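>>> okay, structure incoming, though there's no sequence with it:
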């Protein structure tokens, strides 16, 4: 099972654990239930309302009693070691992961989860409604509190964008995302180990060479150091082909159960140094991914201070990225992980701390209303850019409008995008590992399906994710530096490393996979053209299958995506508009969605 799903069910496991331990080691004899049960797959089935009741019949009244009991124990300062021991036993018995990972998961997360549980204002019925779904009576989702930030000023008329004349100056941007460097990657170790991340100790050396990890990487593993260096040498050789760089988060590997703050700082410093060393003289702008923290996904808002705060990461980030930032940018980076800086006099880059919208950031259970006042700050930045007639690129990690981002936060971001659609001309995110895009449409209240913006989701450097994929990076051609430049994206090109070929030949080659305009026969990359492309995908299946193969960086060019897969994939491409999929049943769509994972 993906470790991501294990983390997603952590609070559920707390509730299940306490339920099963009423007559066990916590309150009496040791736990003796030997039920082979995976509480995050077959016994608990998924729906639009979240996790449904497990087959072991945890009813609402029982759930409420459990939560009341947890709160009572915490109020009485009960030992966290007692609860941790029970959770480790449950993780083992339910086969969530092996014993080594189970113990490490609980140790990694116990402080954070118990702190949040103690400081959230949720009632037992609200916790149970969030975890168990609509079968628990009144459904409440604490992650989706309804809130809105007023946007001052009136929206100026939207001007028709004229494509630049042939021969006009261009700028080129390199985007690197989700590098996930694994310092412990070891060629020859078992590459399919049954743990969340393989090709690393304590896994053993494969007895059959074909079962061992290759020199340059493997589909179920993260990026070896030699592969990162090979990529950087390649980029150094072509550095005259791009002008500046966006690095959109997730530098560390997926060994989330065994990471410390010192580990994450070491990766941050090392990867920043490597990128800077091989790309001397380039302006490099980073955003923070969900894997930068320890524990993973843990990004408390600024009002959380002391040992639980995220200042250890933000202060070091400001230190190692400071040469590319202004004093004001460093100040906001230290405050909340976001910043704004002008890469050109007429082009402002805004880096968002999008973990403030991430559904697996449990700190948002305490308060999810515009954490760190970041969206309010974003509005102020955009008003200033609008006044100065600057264009804006937004970079980040977790993409707004995705299933991983809080609904209310995404809706507020959409409203900001609509208000400033003449100012925001580029949005560059990562996180999903696959190669994709998302079209935002005008608000439903306007009775319009007019596209107002498009987010580009860069392919990951790491091959990790789903069933595995090739490694990749992205280049963007944008309208260049001259008076009156629109700064719009004119084309993008994706480059990949075929990991199978690299391991067979021991000669890694980074090659052009496709360019958007050529592959999809697009006249421009304006939002309306991406919206038209989505409509073509519905009608022209061969074109959609081409996109699907690019989506996973051509790891399985013969695979076909149909029915629920196609419907789910198409709806991932839009925000504020639903694609009606008559060719797929609800069961097929849910089956597809259950295979998707967070990165």
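Nice, I can see it. Computed from a predicted structure; not experimentally measured.

>>> contacting residues around the residue nearest the centre of the chain?
Central residue of the chain (CA atoms, centre = their mean): residue 431, 3.3 Å from the mean position. The contact partners of residue 431, taken as CB atoms under 8 Å, 6 or more residues apart in numbering, are 177-178, 248-250, 289-290, 397-399, 402, 404, 457, 599. The way it works is simple: take the backbone N, C-alpha and C, and place the C-beta from them, glycine included.

>>> roughly how far is stretch 239-251 from the heart of the chain?
In terms of CA atoms, centre = their mean, to the nearest Å, the centre of stretch 239-251 is found 18 Å from the chain centre.

>>> mind checking the end-to-end distance for that stretch?
Start-to-end span of stretch 239-251 (CA to CA, to the nearest Å) is 21 Å.

>>> which positions within it qualify as buried?
By neighbour count on 16 or more other CB atoms under 10 Å, the buried set for stretch 239-251 is 239, 242-251.

>>> mind listing the strands for the stretch 151-300 of the chain?
Using DSSP state E, counting those that start in this stretch, the strands of the stretch 151-300 of the chain run over 170-176, 244-247, 283-286.

>>> looking at these, which is closest to residue 234?
Minimum separation from residue 234 across those (CB to CB) falls at strand 170-176, 11.3 Å.

>>> pull the residues that contact that closest one.
Taking contacts as CB under 8 Å, 6+ apart, the residues outside strand 170-176 that touch it are 235, 241-248, 275, 344, 428, 430, 456, 458, 461, 473-481, 490.

>>> pick the one among the buried residues of stretch 239-251 closest to residue 550.
Closest to residue 550, out of all of those and judged by CB to CB, is residue 248, at 18.5 Å.

>>> residue 538 versus the closest one, what's the distance?
Residue 248 sits 29 Å away from residue 538, going by CB to CB, to the nearest Å.

>>> just give me the closest of the contacts of residue 431 to residue 551.
Nearest to residue 551 among the contacts of residue 431, counting by CB to CB, is residue 457 at 9.7 Å.

>>> phi first, then psi, for that closest one.
phi -110, psi 110 (degrees, to the nearest 10).

>>> contact partners for it?
Going by CB under 8 Å, 6+ apart, the list of residues near residue 457 reads 399, 429-432, 434-438.

>>> list the beta-bridge partners for it.
Using DSSP bridges, the beta-bridge partners of residue 457 come out as residue 429, residue 436.

>>> start the count at 425, not 1, going forward
Got it, first residue is 425 now, which makes that one residue 881.

>>> roughly how far does it sit from residue 826?
8 Å.

>>> looking at the buried residues of stretch 663-675, spot the one nearest residue 782.
Nearest to residue 782 among the buried residues of stretch 663-675, counting by CB to CB, is residue 673 at 11.0 Å.

>>> coming back round to it: between residue 881 and residue 826, what contacts are shared?
Listed contacts common to residue 881 and residue 826 are 855-856, 862; contacts here mean CB under 8 Å, 6+ apart.

>>> what about the residues you listed, which are in strands?
Among these, the members falling in strands (DSSP state E) are residue 862.

>>> which one of the shared contacts of residue 881 and residue 826 is nearest to residue 735?
Among the shared contacts of residue 881 and residue 826, residue 855 lies closest to residue 735 (CB to CB), at 23.4 Å.

>>> hang on, the earlier thing: which of the contacts of residue 881 lies closest to residue 759?
Nearest to residue 759 out of the contacts of residue 881 is residue 853 (CB to CB; 21.5 Å).

>>> wait, what's in contact with residue 849?
By CB under 8 Å, 6+ apart, the residues touching residue 849 are 815-817, 910-913.

>>> and the angle for the helix or strand where it lies with strand 594-600?
According to DSSP states H and E, residue 849 maps onto strand 848-853. When axes from the mean of the first three to the mean of the last three CA atoms, to 10 degrees is applied, the directions of strand 848-853 and strand 594-600 differ by 30 degrees.

>>> flag every buried residue along strand 848-853.
The neighbour-count check on strand 848-853 (16+ other CB under 10 Å) flags 848-853 as buried.

>>> hang on, the earlier thing: redo the shared contacts of residue 881 and residue 826 as TSV? Include pLDDT and distance to residue 779.
Output for those, formatted as TSV (pLDDT from 0 to 100; distance: CB to CB, whole Å):
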residue	pLDDT	distance to residue 779
855	96	10
856	94	15
862	97	18
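
>>> so which of the shared contacts of residue 881 and residue 826 comes closest to residue 577?
Closest to residue 577, out of all of the shared contacts of residue 881 and residue 826 and judged by CB to CB, is residue 862, at 26.3 Å.

>>> still on that earlier bit, okay if I get the strands of the stretch 575-724 of the chain as JSON lines plus distance to residue 534 and mean pLDDT?
Shown next, in JSON lines, are the strands of the stretch 575-724 of the chain (distance: least, CB to CB, whole Å; pLDDT from 0 to 100):
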{"stretch": "strand 594-600", "distance to residue 534": "34", "mean pLDDT": "98"}
{"stretch": "strand 668-671", "distance to residue 534": "32", "mean pLDDT": "98"}
{"stretch": "strand 707-710", "distance to residue 534": "30", "mean pLDDT": "98"}
